[in-house]
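# When you get a sec, could you give me coordinates for this:
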Amino acid sequence: MLAHPTLDKLNAMGLTGMAKAFHDLITHGESEQLSHAEWLGLLLDREWSSRHDRKLATRLRFAKLRHHAVPEDVDYRSERGLDRALFMKLIAGDWIDAHDNLAICGHSGVGKSWLACALGHKACRDDRSVLYQRVPRLFANLALAHGDGRYARLQRTLGHVQLLILDDWGLEPLNEQARHDLLEILEDRYGRRSTIITSQLPVSAWHDFIGHPTYADAILDRLVHNAHRIDLSGDSLRRNQPRKS
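Next up, the predicted model:
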């Protein structure tokens with residue numbers, strides 16, 4: 001069999017996973033031990049894995065997750081009130097299919113952002129589009145976008161991504177423009193997409209934080225009533241991390 005022309009054709013068709021598997025089989029002499037069906041199955045498996053890995057890498061680059069967090073590394077032993085059964089259900093992702101939201105609240109350092117990023121990583125692995133945004137930086141970026149023509153495109157991205165992570169909600173007061181922008185984002189997403197919000201403020205304090213009763217009612221109606229909740233407690237986990245010398 002002419003190996004090199006076959007490799008050239010596989011690479012020319014974009015079948016790089018199959019090409020690598022074909023090269024490995026020829027190089028290591030394993031092809032003689034396989035039936036035709038096994039040979040073809042191995043090539044297809046390698047191509048599927050290669051495409052899956054490339055797609056996952058693309059989704060993770062777009063998501064820009066703050067932490068390299070995965071569900072397999074979640075610490076359920078720390079005394080912070082994390083309900084393992086609930087979090088396992090969230091990892092499964094049915095709530096994203098149902099277009100529900102999630103609020104993760106607790107003091108600084110208890111792992112809110114890390115847990116949100118772990119769920120975001122799992123959503124990427126499940127072939128869902130994810131985008132991470134820190135709320136203070138998001139509103140600053142939206143304010144600039146109003147003046148440079150990017151606002152409509154940015155709003156479309158925020159509205160259409162399947163899982164939007166809004167981290168550090170409640171750190172800075174909202175001005176009139178920020179309240180309006182947030183309502184527009186949530187209106188586009190309500191009943192169509194899912195949102196994770198992390199906050200040091202309990203959900204009961206969000207209405208006062210928004211600072212305008214009419215906007216607060218509208219925003220929370222689209223955000224909270226169909227939201228799962230994780231309320232974390234305890235000391236900061238950062239205190240237990242070793243210091244870098």
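
# For the residue nearest the centre of the chain, pull up the helix or strand it's in.
Among the residues of the chain, the one closest to the centroid is residue 120, at 2.3 Å (CA atoms, centre = their mean). Secondary structure assignment for residue 120, by DSSP states H and E: helix 112-125.

# can you list contacts of the following helix or strand past that helix?
Once the chain leaves helix 112-125, the next helix or strand it forms, by DSSP H and E, is strand 130-134. Strand 130-134 has contacts (CB atoms under 8 Å, 6 or more residues apart in numbering) with 59, 62-66, 116-117, 120, 123-124, 157-158, 161-168. For the C-beta atoms, the positions are set from N, CA and C on the backbone; glycine is no exception.

# Pull the distance from strand 130-134 to the chain's centre.
7 Å (CA atoms, centre = their mean, to the nearest Å).

# That one pairs with which strands, and in what direction?
Note on strand 130-134: by DSSP bridges, its sheet partners are strand 163-169 (parallel).

# Buried residues in the partner strand, which are they?
Across strand 163-169, burial judged by 16 or more other CB atoms under 10 Å covers 163-169.

# Can you pull the poorly scored residue ranges out of this structure?
Applying pLDDT under 70 to the chain flags residues 1-3, 28-32, 34, 39, 235, 237-245.

# Now the element after the helix ranked longest in it, going C-ward?
Counting by DSSP state H, the longest helix found in the chain is helix 36-63. Where DSSP H and E defines the elements, the next helix or strand beyond helix 36-63 is helix 84-92.

# Which residue is the nearest non-sequential neighbour of residue 67?
residue 117 (4.2 Å; CB to CB, 6 or more residues apart in numbering).

# correct me, but the one you found touches residue 64?
No: contact criterion CB atoms under 8 Å: residue 117 and residue 64 do not qualify, at 10.1 Å.

# And the helix or strand that residue 20 is a member of, what's buried?
Using DSSP H and E, residue 20 sits within helix 16-28. Neighbour counts over helix 16-28 (16+ other CB under 10 Å) mark 17-23, 25 as buried.

# Now residue 224. Its backbone dihedrals?
phi -100, psi -30 (degrees, to the nearest 10).

# now the nearest residue to residue 120 once chain neighbours are set aside: how far from residue 182?
Nearest non-adjacent residue to residue 120, counting by CB to CB, 6+ apart: residue 130, 4.5 Å away. Noted for residue 130: a distance of 19 Å to residue 182, by CB to CB, to the nearest Å.
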